[in-house]
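K.L.:
Turn this into a model:
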Amino acid sequence: MFAFPVFALPLGYLALASWFFPHHREESLAGSFGRGLALGLPCALVQILLQGLIPEAHGSFLFVFRIWWERFLLPFALAVAASRLLHSYEDTVRTDAALRRFTAYLFGCFTVLGAVAAVRYAGDPGPFVLFFYPILAIAGIFAAVYFLERSVTEAGIFAVLWIAAAVLASFAFACAAYLFEARLEWLGAILSLAYLGSSAYLIRFLLK
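P.N.:
The predicted model follows:
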């Protein structure tokens, strides 16, 4: 049953490259995906070292902050920061082609991070681990592409506001994940799918 959390991200990349970016194969999307795989390994190691900074608080709403930190804020911050080793953020958002490569890079990075998470939670095969964390990870990738593009192209206080919006969006994702812990799986599933649809809509301009 752990096939989906392990293979959802690479299959998502293949679907994106084949069906949604079919006219952009000359943009080295596979190379960007591969670089994401390579940088995903050190990101996973750093995540393992830092994820315990916020303690778990099972049975309390405060547990949402641990979910936020461990599954969304920390891994996405690491992945975006690691991309700086490849290109400046200005180069990353300079063209739609560069943003498509960044999208492929994030899919590669989260292929590794998702596999590590699946192994870690192999003893807790709930619907969130098996199905909805990969869905939220894909939604987060699309949202990260959008928010990075907005925060880099804006200046001054507007850039700060876009960064704050990205952080708040990651917390909203964590709240959807927390609903599975609160035994409100139906609501968590609805929100997860809604986040996926809305984040994909935000980057629809990349499909041109």
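K.L.:
Now for residue 8, how many residues are close by?
P.N.:
Residues near residue 8, counting by other Cβ atoms under 10 Å, number 21. For glycine as for every other residue, the C-beta is placed from the backbone atoms N, C-alpha and C.
K.L.:
heads up, I number from 32, so please use that
P.N.:
Sure thing, new numbering starts at 32, so read that last one as residue 39.
K.L.:
Can you give me the distance of it to residue 184?
P.N.:
Residue 39 is 30 Å from residue 184, where distance means Cβ to Cβ, to the nearest Å.
K.L.:
Poorly predicted segments of the chain, please.
P.N.:
Residue ranges of the chain with pLDDT under 70: 32-33, 51, 53-58, 238-239.
K.L.:
could you redo the last one with a cut-off of 80?
P.N.:
Applying pLDDT under 80 to the chain flags residues 32-37, 48-59, 88-91, 152-157, 186, 236-239.
K.L.:
what are the ranges of the helices in this structure?
P.N.:
Listed from the start of the chain, the chain has helices (DSSP state H) covering 34-46, 60-81, 94-98, 105-114, 120-123, 127-151, 158, 164-184, 188-212, 216-233.
K.L.:
who wins for proximity to residue 87 among those?
P.N.:
helix 94-98 (5.1 Å; Cβ to Cβ).
K.L.:
Run through who's touching the closest one.
P.N.:
Identification of contacts with helix 94-98 by Cβ atoms under 8 Å, 6 or more residues apart in numbering yields 85-88, 202, 205-206, 208-209, 212.
K.L.:
What of stretch 153-161?
P.N.:
Stretch 153-161 is contacted by residues 32-33, 35-36, 148-149, 152, 208, 211-212, 216, 219-220 when judged by Cβ under 8 Å, 6+ apart.
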